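>>> got a sequence here, can you build the structure:
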Amino acid sequence: MPWLQIIFEASTEQITQLEDALPELGAVAVTLEDNADQPLYEPPLGTRPLWQNTRVIGLFETSADMDLVRELLKPQFKDGLPPSRVEILEDQNWEQAWIERFQPMPMGKRLWICPSWREPPEPEAVNVLLDPGLAFGTGTHPTTALCLKWLDAAGLEGKVLIDYGCGSGILAIAACLLGCEKVWAVDNDPQALIACKDNAEKNAVADKIHIASPEVFTRDFIGKADIITANILAGPLQQLAPTLTRLLSLQGHLVLSGILHAQQNAVKQAYETQISFQPSTQCEEWIRLDGQRFK
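This is a model prediction of the structure:
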């Protein structure tokens, strides 16, 4: 069935009032969207950043009276109800719409990322079959693509790789299919580990991928990784510098992404006493740093 959505152009001060009031007036969902193309990157832990100009959308059944909703909201806003409009949202198969948008993607010369429900366009290529589930990582984001292209170009035969912050397991699975002997897929999110395990089984590499939380890396792992990939964010990457360099073997390769252009120098500084970096690689506003441990 179709739905009605009332869309408010709200300031930061008005958002909480609308979020609280709309469900009480019958909204089945309330969504916040950026209304001014203002990026919010890596907010501090425990904070809830909001855009200065936010679109607040209340979703209602078609039987709802939107004029009445507006009238009931007005007394709660002493400076006047923010501007709004009402639109009809036609019902559709949302899952099917998402499936149709997720298409096979080449990642370098050998590697393709393919939805599991589609026939790979190049059956002889290295094809990662992926159902992303609830965890991050389909290959569509520039940070993931940057890492995948590095793996595609690297010689991985017989290597041991740690994918730190594995998400859906896309990098770990690609590394296995490209020749790694053993891969550790590490994440502190249990949902990510479940998605990674499922995707590893779908790609017939579950026997090569060891799925674990970060606590698994004890003294016995020091200096054992030939390659470490970490597609996270700049802040956590800086904090993880001692951990990641300790796990990496001498002359081992470190591949870091999730870094904005303006953040790359700060990330480099966290590693530069032990890692010699190549020139950074950029995709849109995102950066990949890769280098080798020299000390």
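
>>> low pLDDT regions in the stretch 51-200 of the chain?
Regions of the stretch 51-200 of the chain meeting the criterion pLDDT under 70 cover residues 51-53, 91-101, 131-140.

>>> tell me where it has helices.
Using DSSP state H, counting those that start in this stretch, the helices of the stretch 51-200 of the chain run over residues 66-73, 94-101, 142-153, 170-177, 190-202.

>>> who wins for proximity to P214 among those helices?
helix 190-202 (11.2 Å; CB to CB). For every residue, glycine as well, the C-beta is placed using N, CA and C.

>>> can you give me the buried ones in the closest one?
Judged by neighbour count using 16 or more other CB atoms under 10 Å, the buried positions of helix 190-202 are A192, L193, I194, A195, C196, D198, N199, A200, K202.

>>> ok, stretch 201-213 next?
Buried residues in stretch 201-213 (16+ other CB under 10 Å): K202, N203, V205, A206, K208, I209, I211.

>>> quick one, phi psi at the third one?
In terms of degrees, to the nearest 10, the main-chain angles of V205 are phi -120, psi 20.

>>> thought H253 was touching A154?
Yes - the pair H253 / A154 is scored as a contact, 7.2 Å apart, by CB atoms under 8 Å.

>>> those two: who's more crowded?
Remark: of H253 and A154, H253 carries more neighbours, 22 against 19, as counted by other CB atoms under 10 Å.

>>> could you give the bridge partners of that one?
I227, Q292 (DSSP bridges).

>>> distance of it from N231?
Separation of H253 from N231 (CB to CB, to the nearest Å) stands at 14 Å.

>>> same check on K109?
Plainly put, K109 is 21 Å away from N231 if you go by CB to CB.

>>> of these two, who's got more company?
Neighbours per residue, other CB under 10 Å: of K109 and N231, the larger number sits with N231, 28 against 10.

>>> what is the burial count for the nearest residue to the more buried one once chain neighbours are set aside?
Excluding the flanking residues, the one nearest N231 by CB to CB, 6 or more residues apart in numbering is S257, at 4.4 Å. For S257, the neighbour count with other CB under 10 Å is 29.

>>> let me see the contact set for S257.
By CB atoms under 8 Å, 6 or more residues apart in numbering, the contact set of S257 is T143, T144, L146, C147, T229, A230, N231, W286, I287, R288, L289.

>>> please redo it, this time with the cut-off set to 10 Å
By CB atoms under 10 Å, 6 or more residues apart in numbering, the contact list for S257 reads 141-148, 150, 165, 171, 229-234, 237, 281, 283, 286-290.

>>> any of those buried? List them.
141-148, 150, 165, 171, 229-234, 237, 286-290.

>>> and the next element down the chain from the one helix or strand I7 maps to?
For I7, the element it lies in under DSSP states H and E is strand 3-11. As assigned by DSSP H and E, the chain's next helix or strand after strand 3-11 is helix 12-24.
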